[in-house]
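# I would like the atomic coordinates for the input below:
(2 chains)
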Amino acid sequence: MKAKRAVVVGAGLGGLSAAAYLSKNGFKVDVFERNPHPGGYACSFVRGPFEFEAALHELSGIGPPENRGGCYKILEGCDVARRVEFLPISDFYTSIFPDFTVTIPHGWEAAEAAYAEQFPAERKGISRLLDTMRRMSEEIKSFADAASPLDLVAFPVKASHVVRALGTTTAQVMGREISDPKLKALFCDIWGYYGLPPSRLSWMLFALANASYLEHGPYHVKGTSQALSNAFVDAIQENGGKVHLRNGVRKIDVRDGRVTGVVTDEGETVRAQYIVSNANPIATCYDLLGKENVPRSYLKALAEGHIAVSTFNVYMGLDCPGEAIGATGHEYFINESYDQDEHYNAMFTTGMQKYWVLTNYNSADPEFSPEGTSVMVLTTVLDGVAWTELEPARYVETKERLAAQLIAATDRRFGGLADHISVVEVSTPLTNMRYSGNPGGSILGFDYDVIGSPMMRLPNRGPLEGLYFAGAWVRMGGGFETCIQSGLLAYGEVMKDVNGVTGLARQLPAFG
Amino acid sequence: MALKDLGDSIADFAAIGLVIGKKVHARAIADERDLDPGMVQRLVEGLHPERLRVEVAEMIEETPSTTTLRLVPTDSPLFPFRAGQFLTLFLTVDGVKTSRAYSISSAPTRGDSVDITVRRMPEGFVSKYLVDEVREGDEFEVSGPGGFFYHEPLADTDDLVFLAGGSGVTPFMSMIRNAIELESDVDIHLIYGSRTPDDVIFWDELSALACLQNGVSVNLVLSEPPENYEGVCGLLDAQVIGELVGDVSGKTFFMCGPLAMYGLCGPALETLGVPARRIKKEASGPPPDISMMDGWPREIDPGESFTLKIADTRRRFEVRAGEPLLNSLERNGIELDNLCRSGECGVCRAGLVDGRVFMPAPVSVRKSDLAYGYIHPCMSYPISDLTLRL
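Numbers count the residues shown, from 1 in each chain, chains lettered A, B, ... in the order given. As a prediction, the model looks like this:
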């Protein structure tokens, strides 16, 4: 039998995950990627004696062998998990506020105890909040195991916590259970991962993502996330697929309302019945398909979505171990105040930020950098627009100024940091744009607001026959675990078409 | 389907969408806002063009063997860069499409053109062509700016010592000119090692600058001085550097020059007690003789030939152990994107399917790339028959 041909546009995690499933299941797959290395944001780079993790802070959905999470199982299902060594991170996060510092461990009970120890008067509310999150997560899991359409019908009853979460913000739900603004700030201090402050952030997303961390613990990847991306490529190649690097796609051919193949940067035309685009849907529609080939309703949906935050990173190689500056944990959120809306508003400028994170990579992996040294990264999420409006000539001084301010402010909490920097590199939203092609340098695709929460995002089925999407912009959304999931979802949509599924079932999300 | 088990946290979100998806969809279809196609591309190209067409506006003879090429973009503005960075020049010499990285010698402040300063090397395939054959009005393609050899106030002190060897002075010219243009607060001490006075580039400008009391001082160190020469003589070793610099504390050292100079300066700075983080070394391209490098397998003669196969094609040809794979590929008409040609940037990253190569330190290959057999062919030398996946 002739193999079915599939082309994947872009080797980000979504594209790699789709390609891994397609190649494992008999498709002849070609992945085309502009960059010389695979992974999209899931990559590393080398400066002098240091190798830096570009993007990964804490990987969710892995879990220890006795309690594997969903992400691990997806990686296992496409032969990737066994190629990767996952390293547990000791705690969930440490929060540094103006007048207290608290470390939140993972594990439901341990986390609850840590919150309650700092805010004993609110013990009951904390407990109810965590309980709701845990139940939501369990309801979702039992739904995933649903065997018959009857379960689907029963969903609103059985999954009452999930249903009640629909359309609510994190601040709304939190406000029902706890009242101290300082506790609220601590409870949501990880919001930067999700790109919106609690007042606008989807509670569904916050609750389920945090539940994944609390239930399975956060992980890092031995050898950085580049090792994960390389493992995907290895698995794809082993299954007969090809990953073409330094050769992107410049055009997707369309005929009679369906895609027929792609034209690569090298000018070659590759025919394929199934095309999974891991490029963002805006570039896919406007730059690759041509907007005249895309239904107007789809273009409108694209225009309506709000583009999520980007990042600013200061990557530092230190000539001392983390202990020397008081950093022993992995993830430190640093807050200049308790007002997270104020922190968010500062992100629309190129000026100093009020909320950022110090990540200490040697904590999970002592071999992360040469002996006696350490790698630390300061990350702040911020909006890309102000950076795109900069005069090119002012770009370097603007990024250097913000980096210097962040280093100085971090040095006030981790004394000696500034004096131990031996190698430094700075990335901005423009850097993200350069390597990902994402508008605004978004790290999450569209915002995770109440209408952009995972299930509200654009579907994995594209606007034309034969076209599918994987990556942050579509279901399940931005983030490592979610992008890996999106590849499997895109594969599921392809399989529906291969199997000739028609009617309403075709419109239902894959694996529902 | 077996995949169902994997759905743990997937089906969930997706199906919940059904419950109220219809409503949200209706909301999403509002007026089509103007999305600007190609916007990301244009912004990125302005800062980091992949290729830029330039014309040689002027050829300036610096010494009998050294020429500055003034390059002006023909159809787009010049990219911003940091003093000390390089650009890569793409050209065809004797029918071979190749490229070379050159430090920019002009200051970023000039804005509309960049200079590269090239010394004709006796065996230089490209440098000979650039110095002897190129004429004003010729056009080339160049890359955007690359490299990390610049003053980085986030990590470096403001008291800088530049150790230059031969044409390694070019990035320092950019940094010195920039510091003066911007009236910056940094102190710069250039120690410029050269063989004879005839080999010295930019000397008139450097001596003039050093007289201005503007934080820039220069020392020339000649290894083959003429008779009765009264200046400093010798090589850039611990004694010479120590005498000229004095107290090394609080100073950041920059080195750019031939490998032989690094072999001398590196240990010299260590002897003088300069901490590693206060030393910055510009990446150097392929050494004149790879078999002299640490770790080269002694049983292999650099003149030896091996067979290179290109995976997924029928191409196979002989390559020389003593030549970087990238150069061999180019000689055989195979183009492979590249930038630094020093093993540093990773743009030419390729998969070594089988066979062995020698990569001299410090080629910057990611740990997981090494684990999966990826190499940087610009600084990889074949030491067995091999297969490469490009």
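# So which residues of chain B form helices?
Remark: helices assigned in chain B by DSSP state H are B:11-28, B:39-47, B:125-128, B:170-181, B:203-210, B:238-245, B:259-271, B:325-331, B:367-371.
# Using a markdown table, lay out the ones you listed together with mean neighbour count, distance to chain A and mean pLDDT.
Glycine gets a C-beta too; all of them are placed from N, C-alpha and C. As requested, the helices of chain B are arranged in a markdown table below (neighbours: other Cβ atoms under 10 Å in any protein chain shown; distance: least, Cβ to the nearest Cβ, whole Å; pLDDT from 0 to 100):
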| stretch | mean neighbour count | distance to chain A | mean pLDDT |
| --- | --- | --- | --- |
| helix B:11-28 | 19 | 3 | 38 |
| helix B:39-47 | 18 | 5 | 82 |
| helix B:125-128 | 16 | 22 | 92 |
| helix B:170-181 | 24 | 12 | 96 |
| helix B:203-210 | 15 | 23 | 87 |
| helix B:238-245 | 17 | 20 | 96 |
| helix B:259-271 | 18 | 13 | 93 |
| helix B:325-331 | 21 | 13 | 96 |
| helix B:367-371 | 19 | 4 | 96 |
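# Redo the ones you listed as CSV? Include distance to residue A:43.
Listed next are the helices of chain B as CSV, based on distance: least, Cβ to Cβ, whole Å:
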stretch, distance to residue A:43
helix B:11-28, 26
helix B:39-47, 17
helix B:125-128, 31
helix B:170-181, 28
helix B:203-210, 42
helix B:238-245, 39
helix B:259-271, 30
helix B:325-331, 22
helix B:367-371, 10
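# closest one to residue A:269 among these?
helix B:39-47 (21.5 Å; Cβ to Cβ).
# can you give me the offset of the closest one from its chain's centre?
Counting by Cα atoms, centre = their mean, to the nearest Å, helix B:39-47 is centred 22 Å from the centre of its parent chain.
# Give me the residues contacting that helix.
A:283, A:287, A:388, A:392, A:395, A:430, A:433-434, A:437-439, B:76-77, B:79-80, B:144 (Cβ atoms under 8 Å, 6 or more residues apart in numbering or on different chains).
# Tell me the one of these nearest residue A:261?
Proximity of the contacts of helix B:39-47 to residue A:261 (Cβ to Cβ) peaks at residue A:287, which lies at 16.5 Å.
# show me the contacts for residue A:9.
The contact partners of residue A:9, taken as Cβ under 8 Å, 6+ apart, are A:15, A:32, A:248-249, A:252, A:262, A:275-279, A:284, A:288.
# swap in residue A:29?
Counting by Cβ under 8 Å, 6+ apart, residue A:29 touches A:5, A:6, A:7, A:8, A:19, A:22, A:23, A:236, A:239, A:240, A:241, A:242.
# Mind checking which of the residues you listed are in helices?
Judged by DSSP H, helices contain the following of those: A:19, A:22, A:23, A:236.
# surely the third one meets residue A:240?
Yes: under the criterion of Cβ atoms under 8 Å, residue A:23 is in contact with residue A:240, at a separation of 6.1 Å.
# Looking at those two, which has the bigger crowd around it?
residue A:23 (27 against 13; other Cβ atoms under 10 Å in any protein chain shown).
# on that earlier part again, just the buried members of the contacts of residue A:9?
Buried by 16 or more other Cβ atoms under 10 Å in any protein chain shown: A:15, A:32, A:248-249, A:252, A:262, A:275-279, A:284, A:288, out of the contacts of residue A:9.
# Quick one: low-confidence residue ranges for the chain.
Went with chain A since none was named. Scanning chain A for pLDDT under 70 picks out the ranges A:1-2, A:144-152, A:452-455, A:510-512.
# look at chain B instead
B:1-37.
# Walk me through the domains of the chain.
Using chain A. As recorded under automatic domain parsing, the domains making up chain A are A:5-48+A:64-84+A:223-304+A:448-507, A:90-217, A:309-439.
# To clarify, I was referring to chain B.
Here the domain parsing of chain B from automatic domain parsing is B:47-142, B:159-281, B:291-389.
# ranges for the helices of the stretch 51-200 of chain A?
Under the criterion DSSP state H, counting those that start in this stretch, the stretch 51-200 of chain A contains helices at A:70-77, A:108-118, A:123-144, A:149-158, A:160-165, A:170-177, A:181-187.
# Show me what from the stretch 51-200 of chain B comes close to chain A.
By the rule Cβ under 8 Å from any Cβ of the partner chain, the part of the stretch 51-200 of chain B lying against chain A is B:77, B:79, B:80, B:82, B:111, B:148, B:152, B:153, B:154, B:155.
# residue of the stretch 201-350 of chain B with the smallest distance to chain A?
When distances are taken as Cβ to the nearest Cβ, the stretch 201-350 of chain B reaches nearest to chain A at residue B:277, 3.0 Å away.
# Check which helix or strand the residue found closest to that residue once you drop the neighbours it is linked to in the chain maps to.
Leaving aside its sequence neighbours, residue B:277 sits nearest to residue A:422 (Cβ to Cβ, 6 or more residues apart in numbering or on different chains; 3.0 Å). Assigned by DSSP states H and E, residue A:422 belongs to strand A:421-427.
# what's around residue A:124, how many residues?
11.
# nope, residue A:67 is what I was after
Neighbour number of residue A:67 under other Cβ under 10 Å is 11.
# and the closest residue to residue A:135 other than its chain neighbours, what is it in contact with?
Distance criterion Cβ to Cβ, 6+ apart; nearest residue to residue A:135, sequence neighbours excluded, is residue A:161 at 4.5 Å. Each residue near residue A:161 by Cβ under 8 Å, 6+ apart is listed here: A:132, A:135, A:136, A:139.
# Recalculate using a threshold of 10 Å.
Residues in contact with residue A:161 (Cβ atoms under 10 Å, 6 or more residues apart in numbering or on different chains) are A:131, A:132, A:133, A:134, A:135, A:136, A:137, A:138, A:139, A:140, A:207.
# Between which two of the residues you listed is the distance greatest?
Spatially, the most separated pair among the contacts of residue A:161 is A:131 and A:140, at 15.0 Å (Cβ to Cβ).
# Who has more neighbours out of those two?
Applying other Cβ under 10 Å to residue A:131 and residue A:140 shows that residue A:140 carries more neighbours, namely 26 against 14.
# circling back to that earlier point, indicate which one of the helices of chain B is closest to residue A:470.
In terms of Cβ to Cβ, the element of the helices of chain B nearest to residue A:470 is helix B:11-28, at 13.7 Å.
# Straight-line length of stretch A:254-271, end to end?
For stretch A:254-271, the first-to-last residue distance is 11 Å (Cα to Cα, to the nearest Å).
# which residues touch that stretch?
A:5, A:7-9, A:30, A:32, A:34, A:244, A:246-253, A:272-275, A:277, A:288-290, A:292-295, A:462-468, B:335.
# Tell me who's in contact with the nearest residue to residue B:271 once chain neighbours are set aside.
Ranked by Cβ to Cβ, 6+ apart and with sequence neighbours excluded, the top spatial neighbour of residue B:271 is residue B:238, at 4.2 Å. Going by Cβ under 10 Å, 6+ apart, residue B:238 touches B:264, B:265, B:267, B:268, B:269, B:270, B:271, B:272.
# Tell me who's in contact with the second one.
Which is residue B:265. Applying Cβ under 10 Å, 6+ apart, the residues contacting residue B:265 are B:163, B:165, B:191, B:193, B:235-238, B:240-241, B:253, B:255-257, B:279, B:281.
# again, only this time at 7 Å
Counting by Cβ atoms under 7 Å, 6 or more residues apart in numbering or on different chains, residue B:265 touches B:163, B:236, B:255.
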